[in-house]
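*Asks:* return a 3D structure for these sequence lines:
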Amino acid sequence: MKRPSSQYLAFAAVSLIALMAAPALAQQQTPVIEQNSVAAHVGFLAGDELQGRGSATRDEAIAAAYVTAQFRLAGLTPVPGMDGFVQRAPVVKTTPSGAATVTVGGATLMQGADFAILTGGLNPASGVVTVAADPAALPSGSETLMIAPAEGPGVRALFGAAMRSGAKLILLRRTEALATATGDSGSRDPVIRLADAMPRVGPVVLVVAPEAYDRLAAAGGTAAYDPGQSEVEQGFTSNAIGWLQGTDPSAGVLMISAHLDHIGLRSDGVVMHGANDDASGTVAVIELANALAASGPHERSIMFVAYGSEEAGLLGSRYFVQHPPIPLTDIAANLEIEMIGDQDPQLPAGVMMMTGFERSNFGAALKERGALVGPDPYPEQNFFQRSDNYALAVQGIVAHTISGWATIPTYHTAEDTIENLDIPFMTNAIQSLVEPLKAMADGAFTPEWAEGGRPDAN
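*Replies:* Residues are numbered from 1 along each chain as shown. You can find the predicted model right below:
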């Protein structure tokens, strides 16, 4: 038999070395986030077929199944100890009658025709009426407050003050902003709570048509709110969870998350697609799962989570913290991604905001490594406390949320659609997180709260 030539043996040796080195070289390359992939994922999640992924609905469960399928394709596994990729949280859904009434003196108003429910409309409420002449200085100790806010952005602050007033029933004279907030005035959207949680206690807040409001204010006396007969049913919400095993069990776990639900199908038939809020963040979790799995293995294990029922009161993250699939003390840091579908005009081109940026060293470390993130330009909005990161932060985990444009005009409107997303911005934003998160996953950084940065659990 003819012996191989020396040139052939040399070529084979070089080829073998190259093949052995290929995985290491592949790990050194930064995976590329493709616009087409981003658009494809968001096209499914925010498409008409899922009808807005309403909290604790079948559509939300389908969205969770889609996310877990993408986790599996990326090479993720269930979290050790879980029997699958989905954590189901039992919930109770209470559907209002849609035929509530308010009576003051001899005047009776009907839900839909005369008023809409902003919050707390499941329980009866009554009390003597106080008309707040100055909305900037609400009286305390009133049983029923009637408030006529001015048009403009100050409604949010007024609402917060009214909620803290101690009143049992609050009637707000409708403004354009309040009309947008209540949407369909005849809504029978269910109120959802975790099955092991007590029903919420708080004031009934109604948005009243101007003519009807003026009629009640003139009548005075005692107001009585009757919610009508509600329907109660059991259900569940879905957290999709994937696991990328690390090489060093002592290095802690990096957690990347978003929420996969939105408002769903309104009772007037309008689909609230939730393309930006938060299909965009869910797509980022999927893309980062692919990128970090392709560039691994990493020292730290990485857990990817898409929560259910954020829109119903952060229920998915609350359940996750109450029933953690791993000890919470093992989680080194959590990055929540929400509403990265467009650019905030107050921020530099391409940059996202991070809530509570100054509270820890996490944001600065991401930025130093190339992440397009910066401080939150809206500290007065308290966004740090209003997203899924907060449930983990109060447990001591360094946890923040990043957003593209947190005050975007399409927020919670029917205009939050795929057509109104900036896919190139979104793709570039996700891409900027890949290398910094790789560095975090490889144990080169210890997330820590700044002095006074950790929120009080109470």
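
*Asks:* look up which residues are beta-bridged to the spatially most central residue of the chain.
*Replies:* Here the mean C-alpha position of the chain is nearest to the C-alpha of His259 (C-alpha atoms, centre = their mean), at a distance of 4.5 Å. Per DSSP bridges, the residues bridged to His259 are Tyr307.

*Asks:* so what's it up against?
*Replies:* Asp278, Gly281, Thr282, Ala306, Tyr307, Gly308, Glu310, Glu311, Gly316, Ser317, Glu338, Asp388 (C-beta atoms under 8 Å, 6 or more residues apart in numbering). For the C-beta atoms, the positions are set from N, CA and C on the backbone; glycine is no exception.

*Asks:* repeat for Ala217
*Replies:* Val129, Val131, Met146.

*Asks:* and if you look at Met110?
*Replies:* Ala99, Ala100, Thr101.

*Asks:* so what's the second one closest to, chain neighbours aside?
*Replies:* This means Ala100. Gln111 (4.2 Å; C-beta to C-beta, 6 or more residues apart in numbering).

*Asks:* give me the neighbour count for the one you found.
*Replies:* 25 (other C-beta atoms under 10 Å).

*Asks:* check the one 4 residues further on too.
*Replies:* The burial count assigned to Phe115 is 26, neighbours taken as other C-beta under 10 Å.

*Asks:* let me see the confidence value for it.
*Replies:* Among the per-residue scores, Phe115 shows a pLDDT of 91.

*Asks:* what bridges to it?
*Replies:* Bridge pairing for Phe115 - DSSP bridges - gives Gln111, Val208.

*Asks:* any idea how far it is from Asp388?
*Replies:* Distance, Phe115 to Asp388, by C-beta to C-beta, to the nearest Å: 32 Å.

*Asks:* just Met426 next, same as before
*Replies:* 19 Å.

*Asks:* now the helices for the stretch 51-200 of the chain?
*Replies:* 58-74, 155-163, 176-182 (DSSP state H, counting those that start in this stretch).

*Asks:* which one of these has the most crowded surroundings?
*Replies:* Greatest average neighbour count among these goes to helix 58-74 (a mean of 20), per mean count of other C-beta atoms under 10 Å.

*Asks:* quick one, which of the helices of the stretch 51-200 of the chain is nearest to Glu368?
*Replies:* helix 58-74 (27.0 Å; C-beta to C-beta).

*Asks:* I figured Val92 hits Gln234, correct?
*Replies:* Yes: at 6.3 Å, Val92 counts as touching Gln234 under the criterion of C-beta atoms under 8 Å.

*Asks:* CA atoms of the lengthiest strand in the chain as PDB?
*Replies:* Counting residues, the longest strand found in the chain (DSSP state E) is strand 231-244. C-alpha atoms of strand 231-244 as PDB (Å, rounded to 0.1, in the frame of the first residue of the first chain):
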ATOM      1  CA  GLU A 231     -68.300  36.300  37.800                       C
ATOM      2  CA  VAL A 232     -65.400  34.400  39.400                       C
ATOM      3  CA  GLU A 233     -63.400  31.700  37.800                       C
ATOM      4  CA  GLN A 234     -60.100  29.900  38.300                       C
ATOM      5  CA  GLY A 235     -57.200  30.000  35.800                       C
ATOM      6  CA  PHE A 236     -53.400  30.200  35.500                       C
ATOM      7  CA  THR A 237     -50.700  32.500  34.200                       C
ATOM      8  CA  SER A 238     -47.500  31.200  32.500                       C
ATOM      9  CA  ASN A 239     -43.900  32.000  33.200                       C
ATOM     10  CA  ALA A 240     -41.600  30.700  30.400                       C
ATOM     11  CA  ILE A 241     -38.200  29.800  31.900                       C
ATOM     12  CA  GLY A 242     -35.000  28.500  30.200                       C
ATOM     13  CA  TRP A 243     -31.600  27.500  31.600                       C
ATOM     14  CA  LEU A 244     -28.100  27.700  30.200                       C
END
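
*Asks:* between helix 58-74 and that strand, find me the angle.
*Replies:* Interaxial angle of strand 231-244 relative to helix 58-74 (axes from the mean of the first three to the mean of the last three C-alpha atoms, to 10 degrees): 10 degrees.

*Asks:* other SSEs contacting strand 231-244?
*Replies:* helix 58-74, strand 86-95, helix 280-294, strand 301-307, helix 315-322 (3 or more C-beta pairs under 8 Å, 6 or more residues apart in numbering; DSSP states H and E).
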